[in-house]
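Asks: structure of the sequence below:
(one chain, ligands or ions: 2)
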Amino acid sequence: MLSLLVPRPWRSYNFASVSHVGNQDEMSRSRSFLPYLLTLVPRRVTESMPVVRMLRPVACWMLQSPACGCRASVLPSRLLGTSPRQIPMDANFHSTSFSEADQQRVLITGGLGQLGVGLASFLRKRFGKDNVILSDIRKPPEHVFLSGPFIYSDILDYKNLREIVVNNRITWLFHYSALLSAVGEANVSLARAVNITGLHNVLDVAAEHGLRLFVPSTIGAFGPTSPRNPTPDLCIQRPRTIYGVSKVHAELMGEYYYYRYGLDFRCLRYPGIISADSQPGGGTTDYAVQIFHEAVKNGRFECNLRPDTRLPMMYIHDCLRATLEVMEAPAESLSMRTYNISAMSFTPAELAQEVLKHIPELQVTYNVDPVRQAIADSWPMNFDDSNARKDWGWKHDFDLPELVTTMLNFHGSESRVAQAN
Ligand SMILES: NC(=O)C1=CN([C@@H]2O[C@H](COP(=O)(O)OP(=O)(O)OC[C@H]3O[C@@H](n4cnc5c(N)ncnc54)[C@H](O)[C@@H]3O)[C@@H](O)[C@H]2O)C=CC1
Ligand SMILES: CC(=O)[C@H](N)C(=O)O
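Replies: Numbers count the residues shown, from 1 in each chain. Ligands and ions are numbered 1, 2, ... in the order given. A predicted model of the protein is given here:
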């Protein structure tokens, strides 16, 4: 039937080759040829043919999808068919034609948690203090308030988010707001709202205003049926926490918006992050931060995971550097939108062993929290980040010995300052 609607010169095209696996050139030619034909079918014909009518918008979308090598802003988005809630049907994305050399205006959501303040200070070194705005729903401590622009932003309030992006001419958004794995299980409905509804708002604002968007994912986006040692980028993802489910959703939605609307979505799956000057926000990997605080302060530490629980971990400096590196990576170097990143992997017993080399009197006991233990037992033990290393040159700096020395140096100097005061 289709062949009757096709202009004569193309009637001899071999449509059977569409299903021909093995010849990649032929396949991709067929893939872009079919949609092109569909867009040529006169509209009065498509209106009377439900199947062709349905296929037309999809064809237009496939033609302009980034996977086809075209920029999404080439065709107006009204050709894309149904648009997300906030994107006007005739929007042609505010493709702020910034080059890499241009000055970025950055917004960080959920910036008062374990990672956001460090990210702001890292990015301010790169883009200038006033070009990086930290935001959260909490009141910032004085030193944070004085260190650079801070603004109230609730990601559940779409209009508030849009106003901030517009008024501040934001070009890059780092979306850090979330409820982590353990607190998420304690308040599933709030986690669902913040991690899923909030993400929808962020995706829509980012797509509508042509932002480059970074959303962190996590080792928690994998589950008990994923390969755990090592865990590759692409494998079964059936997490059993609301946190993990919401992060798989974020990965897929971001990738969908990339293909559907040309949103420049970039995502890294972080391991457990270890930071010296900020507290973790209620996760399963928190023990690996708390041990340093407790070791220096009390000489004792009670661990809430079993001593043999192996999880991927990373020092915050590596995490923030990776985040900026993937955001600055040339688009053509990224073969995926979501990458695993890895640095080290250890158990509580191995971490304690390393800390004992510096503080031999440290006493470590174990009092297992069944919720956290069950989560940890379903997460990767080792993370395969070979794609990040190959595509955009990811390389970590900190292994376990350097991590422990750095953390103890920080806490040692902090406690010396406290004693002197
Ligand atoms: N810290 C870690 O080990 C890892 C973190 N990540 C991800 O990195 C991101 C940042 O993590 P952390 O800083 O550790 O999280 P955190 O839990 O310490 O901080 C999250 C922040 O989100 C804010 N927030 C909550 N509801 C909000 C709302 N409605 N609007 C705006 N902000 C809201 C909170 O006030 C909090 O300051 C998260 O997306 C997390 O999933 C991923 C893997 C590991
Ligand atoms: C690894 C994470 O995503 C976080 N630290 C958590 O434990 O929930």
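Asks: which bits of the stretch 151-300 of the chain sit near ligand 1?
Replies: Taking Cβ under 6 Å from any ligand atom as the contact definition, the stretch 151-300 of the chain meets ligand 1 at 153-156, 176-178, 180, 194, 198, 216, 218, 270, 272-273, 280-281, 283, 285. C-beta: built from backbone N, CA, C; applies to glycine.
Asks: er, the stretch 1-150 of the chain actually
Replies: Residues of the stretch 1-150 of the chain lying close to ligand 1 (Cβ under 6 Å from any ligand atom) are 109-110, 112-116, 136-138.
Asks: hmm, back to that, filter the residues of the stretch 151-300 of the chain next to ligand 1 down to just the ones in helices.
Replies: Mapping those onto helices (DSSP state H) picks out Gly198.
Asks: Pro149: what's it in contact with?
Replies: For Pro149, the contact set (Cβ atoms under 8 Å, 6 or more residues apart in numbering) comprises 129-130, 132-134.
Asks: PyMOL command for the buried members of those?
Replies: This is the PyMOL syntax for the buried subset of those, where burial follows 16 or more other Cβ atoms under 10 Å:
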select buried, resi 132+133+134
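Asks: for the contacts of Pro149, which one is nearest Val144?
Replies: When those are ranked by distance to Val144 (Cβ to Cβ), Leu134 comes first, at 7.0 Å.
Asks: doesn't the closest one fall inside a strand?
Replies: Yes - counting by DSSP: H, G, I helix; E, B strand; the rest coil, Leu134 is located in a strand.
Asks: all further residue positions should be reported with the first residue as 21.
Replies: Will do, 21 is the new start, and the previous item becomes Leu154.
Asks: run a quick neighbour tally on the closest residue in space to Arg258 that isn't next to it in sequence.
Replies: Distance criterion Cβ to Cβ, 6 or more residues apart in numbering; nearest residue to Arg258, sequence neighbours excluded, is Gly243 at 4.3 Å. Gly243 has 20 neighbouring residues, counting by other Cβ atoms under 10 Å.
Asks: likewise Pro332?
Replies: By other Cβ under 10 Å, 26 other residues sit near Pro332.
Asks: ok, back up a step: can you tell me how far the residue nearest to Arg258 is from Ile293?
Replies: 20 Å (Cβ to Cβ, to the nearest Å).
Asks: and the closest residue to ligand 1 within the stretch 221-370 of the chain, what does it touch?
Replies: Nearest to ligand 1, among the residues of the stretch 221-370 of the chain, is Gly301, at 2.3 Å (Cβ to the nearest ligand atom). By Cβ under 8 Å, 6+ apart, Gly301 lies in contact with 133-134, 200, 203.
Asks: need phi/psi at Met356.
Replies: Phi and psi for Met356, reported as degrees, to the nearest 10, are phi -140, psi 170.
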